[in-house]
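In: how would this look folded up:
(4 chains)
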There are 2 protein chains.
Amino acid sequence: MVSRKGTEGENDTGTLGKLMVLLDLVTHAERPLRFTDILAQAGQPRGTLHRQLGHLVEEGLLELDGEGRYSPGLRLLDLAARSWAKNEFRLIAEPHLRALQAMSGETVHLGVLRGTSIIYLDKVEGQQSVRMYSQIGNASPVYCTGVGKAALSVLPEASVAALAAAIPFQRFTENTLASAESLLAELASIRTEGCAFDREEHEQGIRCVAAPIWTPDRSLVGGVSITGPAYRLTMERLTEWAEPVREAAGSIMEGMRVRLGPRR
Amino acid sequence: MVSRKGTEGENDTGTLGKLMVLLDLVTHAERPLRFTDILAQAGQPRGTLHRQLGHLVEEGLLELDGEGRYSPGLRLLDLAARSWAKNEFRLIAEPHLRALQAMSGETVHLGVLRGTSIIYLDKVEGQQSVRMYSQIGNASPVYCTGVGKAALSVLPEASVAALAAAIPFQRFTENTLASAESLLAELASIRTEGCAFDREEHEQGIRCVAAPIWTPDRSLVGGVSITGPAYRLTMERLTEWAEPVREAAGSIMEGMRVRLGPRR
DNA sequence: AATTGAGTTCCAAATAATGGAACTACGGGA
DNA sequence: TCCCGTAGTTCCATTATTTGGAACTCAATT
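Out: Sure thing, here's the model as predicted:
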């Protein structure tokens, strides 16, 4: 993975930075990693790595099982649960997400831009009470999600260009915008429309309509979307829902203005 | 020997330890904290604290808004989402939780013991698709939750005694077991029954029945429970469900034996 | 018994954290 | 407008922690 730090350089300096690299390694891995696995990827001397892992385990950020395999620790859940519960942006948006869900009957997402990814902050779905946590906290690429493209559309040209250059494009479906050029072109139309569509660009058979949410200084940029299967979400239906989605985004921004102060 | 943090003393030593104290401070706070608020509680010199917070912000573990207030960062969600998705214990338990939910129609929880708290790892509820993330990751006291008491019941006497001595008992309802003695007494009966009840001990009007889950070496101790409102979950009903809950716990342990190896 | 691989421990040297103090920015009140 | 107090930031010599090479233990393999 490249640095998640927007426009800046590498970051594995500082004690914390190095530890975070390890945390990332373990949380990104498919399965629990053994000491040697981590050693191979971390580029740290054995002794150093051993102590670093020891500290992470001691703090509950990692867990070391009986077979010497490292996996993410429970402390992460604990910290995340608390930060999610009190996230102001999410709290402000929640009623509007529910309203959109009730109106459409489909799944509604709230996401924010972070580097070249969208992180989902909340998800409201109908009765099909499947996994809910599943999506929250997950990072998805900006260039092939409705929320991602909507978010980019409100950034200044320069920032978009810088981000686009840093995106590791990858084709998920035949509709995926797999280059900086095609992405930039689409952003233009999104700006005039005020909303973005995902036409099965990330996952075959899944469409969505999204509207951007931003603070005046762009310190927070994200969006809200309605997502669902292509057979129910025809393009006509999506177009119909564009207005309610834009309105929800507007209401959320209004809520932020009131609650967070007009400055940013 | 790298020490575990079970029953031991303070831990704000080491660079990471000090940073974790700050993370805890911010995630536990009701509202975003200003520099001065943290300064008052952290007991660090101004310069030091300032740099520490800077590092946490840089890594996305904290966020600093335009008004100079610190709140938990998105990186926490990202890390937690990944660790939750691949948690082996949770994955093994999931189908059994669903089965219990389908059988009872009530909410089913999976939790593990961590220090003197129970951390909920999963939650499956019926159609009332309210907040789901809400509970997952949350820490609740051992002594007044079904899962907590069940978990304690399979620990060796010595460990329970040590834990009980460390619990800051607090009375939540008139039924709360608010002393080490009453807790230890109840554990005896839980051991013979093989399941624990929460008779409105944590929250007025909420009852539950839970069964313990443990590994042979007790490195992982937790439980599974069915929870619901007292008017639906009469004590007779709870008693009826004790057996299925015990069976589910047994199946989960069998699954762990197979998947994680018989050693631990 | 010898060998190999995995994990752990040790300690002088290198590096990062510390914290007191000086500095800046902002916001009243006189 | 000037002055003072509070909040936040920066600086840097001192101090403490991390670093990493190497030696060591342990277990499985040949």
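In: The nearest residue to A:Ala29 once chain neighbours are set aside: which element?
Out: Nearest non-adjacent residue to A:Ala29, counting by CB to CB, 6 or more residues apart in numbering or on different chains: A:Asp37, 7.7 Å away. Any C-beta I mention is one placed from the backbone N, CA and C, and that applies to glycine too. Following DSSP states H and E, one finds A:Asp37 within helix A:35-42.
In: For the stretch 101-250 of chain A, which residues score under the pLDDT cut-off?
Out: Filtered on pLDDT under 70, the stretch 101-250 of chain A yields the residue ranges A:126-135.
In: now the helices for it?
Out: Secondary structure of the stretch 101-250 of chain A (DSSP state H, counting those that start in this stretch): helices located at A:146-153, A:157-166, A:180-193, A:235-260.
In: Put the alpha carbons of the third one into CSV.
Out: By that I understand helix A:180-193. Written as CSV, here are the backbone C-alpha positions of helix A:180-193 (Å, rounded to 0.1, in the frame of the first residue of the first chain):
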residue,chain,number,x,y,z
ALA,A,180,-7.5,9.4,-14.7
GLU,A,181,-8.8,10.9,-18.0
SER,A,182,-12.1,9.1,-18.0
LEU,A,183,-12.6,9.9,-14.3
LEU,A,184,-11.9,13.6,-14.8
ALA,A,185,-14.2,13.7,-17.8
GLU,A,186,-17.0,12.3,-15.8
LEU,A,187,-16.4,14.7,-12.9
ALA,A,188,-17.3,17.5,-15.2
SER,A,189,-20.8,16.2,-15.8
ILE,A,190,-21.2,15.3,-12.2
ARG,A,191,-20.5,18.9,-11.3
THR,A,192,-23.3,20.2,-13.6
GLU,A,193,-25.8,17.5,-12.5
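In: Report the buried residues of stretch A:142-162.
Out: Within stretch A:142-162, the residues scored as buried using 16 or more other CB atoms under 10 Å in any protein chain shown are A:142-155, A:160.
In: Do any residues in that stretch lie close to chain B?
Out: No - applying CB under 8 Å from any CB of the partner chain, one finds stretch A:142-162 separated from chain B by no less than 13.5 Å.
In: ok now that stretch, how far from the chain's centre?
Out: Mean C-alpha position of stretch A:142-162 versus that of the full chain (CA atoms, centre = their mean, to the nearest Å) differs by 13 Å.
In: How about stretch A:236-244?
Out: Worked out by CA atoms, centre = their mean, stretch A:236-244 lies 23 Å from the chain centre.
In: Give me the residues contacting stretch A:174-188.
Out: Around stretch A:174-188, the neighbours that count as contacts under CB atoms under 8 Å, 6 or more residues apart in numbering or on different chains are A:143-144, A:149, A:152-153, A:160-161, A:164-165, A:167, A:169-171, A:196, A:199-202.
In: if you look at the helix or strand harbouring A:Ala80, does any of it touch chain B?
Out: Using DSSP H and E, A:Ala80 sits in helix A:74-85. Yes - using CB under 8 Å from any CB, we find that helix A:74-85 touches chain B at A:74, A:76-85.
In: sorry, back to before: identify, from the buried residues of stretch A:142-162, the entry nearest to B:Thr107.
Out: Comparing those against B:Thr107 with CB to CB places A:Val147 closest, at 30.2 Å.
In: Strands of the stretch 1-150 of chain A, residue ranges please.
Out: A:33-34, A:62-64, A:69-72, A:107-114, A:117-124, A:139-141 (DSSP state E, counting those that start in this stretch).
In: Roughly how far does whichever residue of the stretch 1-150 of chain A sits closest to DNA strand D sit from A:Gly54?
Out: Here the stretch 1-150 of chain A gets closest to DNA strand D at one residue, A:Gly47, 2.4 Å apart by CB to the nearest atom of the strand. A:Gly47 sits at a distance of 11 Å from A:Gly54 (criterion: CB to CB, to the nearest Å).
In: Who has more neighbours out of those two?
Out: A:Gly54 (16 against 8; other CB atoms under 10 Å in any protein chain shown).
In: Mean neighbour count, the strands of the stretch 1-150 of chain A: which tops it?
Out: strand A:107-114 (a mean of 26; mean count of other CB atoms under 10 Å in any protein chain shown).
In: That strand and chain B in contact?
Out: Yes - remark: strand A:107-114 sits within contact range of chain B at A:112, A:114, by CB under 8 Å from any CB.
In: Which strands border that strand, and is each parallel or antiparallel?
Out: Applying DSSP bridges, strand A:107-114 is found paired with strand A:117-124 (antiparallel), strand A:221-229 (antiparallel).
In: Pull up the gap between the residue of the stretch 1-150 of chain A closest to DNA strand D and A:Tyr70, please.
Out: 17 Å.
In: Would you map out the domains in chain A?
Out: As given by automatic domain parsing, the domain ranges for chain A are A:14-78, A:87-260.
In: and B:Ala102, which of the ones you listed is closest to it?
Out: Here domain A:87-260 is closest among the domains of chain A (CB to CB), at 11.6 Å.
In: What is the burial count for whatever residue of the stretch 101-250 of chain A ends up closest to DNA strand D?
Out: Per CB to the nearest atom of the strand, A:Ser219 is where the stretch 101-250 of chain A lies closest to DNA strand D, at 14.1 Å. Neighbour count for A:Ser219, taken as other CB under 10 Å: 13.
In: Confirm for me that A:Lys149 is in contact with A:Ala210.
Out: Yes - counting by CB atoms under 8 Å, A:Ala210 is a contact partner of A:Lys149 at 7.2 Å.
In: quick one: common contacting residues for those two?
Out: Contact criterion CB under 8 Å, 6+ apart; residues shared by A:Lys149 and A:Ala210: A:196, A:198.
In: And for the closest residue to DNA strand C within the stretch 51-200 of chain A, the neighbour number?
Out: Here the residue of the stretch 51-200 of chain A nearest DNA strand C is A:Gly68; by CB to the nearest atom of the strand that distance is 4.2 Å. For A:Gly68, the count of nearby residues is 11 (other CB under 10 Å).
In: Return the residues in contact with it.
Out: So A:Gly68 contacts A:34-35 (CB under 8 Å, 6+ apart).
In: and the gap between it and A:Ala40?
Out: From A:Gly68 to A:Ala40 the distance is 15 Å (CB to CB).
In: Equivalent analysis for A:Ala85, please.
Out: Counting by CB to CB, the gap from A:Ala85 to A:Ala40 is 38 Å.
In: Which one's more surrounded, those two?
Out: A:Ala85 (16 against 10).
In: how close does the residue nearest to A:Ala29 sit to B:Thr107?
Out: Counting by CB to CB - A:Asp37 and B:Thr107 are separated by 38 Å.
In: Then A:Gly105?
Out: 24 Å.
In: Would you mind naming what in the stretch 51-200 of chain A lies close to DNA strand C?
Out: A:51, A:68 (CB under 7 Å from any atom of the strand).
In: Now with 6 Å, please.
Out: A:Gly68 (CB under 6 Å from any atom of the strand).
In: Report the separation between the nearest residue to A:Asn87 once chain neighbours are set aside and B:Leu76.
Out: The shortest distance from A:Asn87 to any non-neighbouring residue, by CB to CB, 6+ apart, is to A:Leu121 (6.6 Å). A:Leu121 is 12 Å from B:Leu76, where distance means CB to CB.
In: Likewise for A:Arg218?
Out: From A:Arg218 to B:Leu76 the distance is 22 Å (CB to CB).
In: And those two? Which one has more around it.
Out: Higher neighbour count among A:Arg218 and B:Leu76: B:Leu76, with 25 against 14, using other CB under 10 Å.
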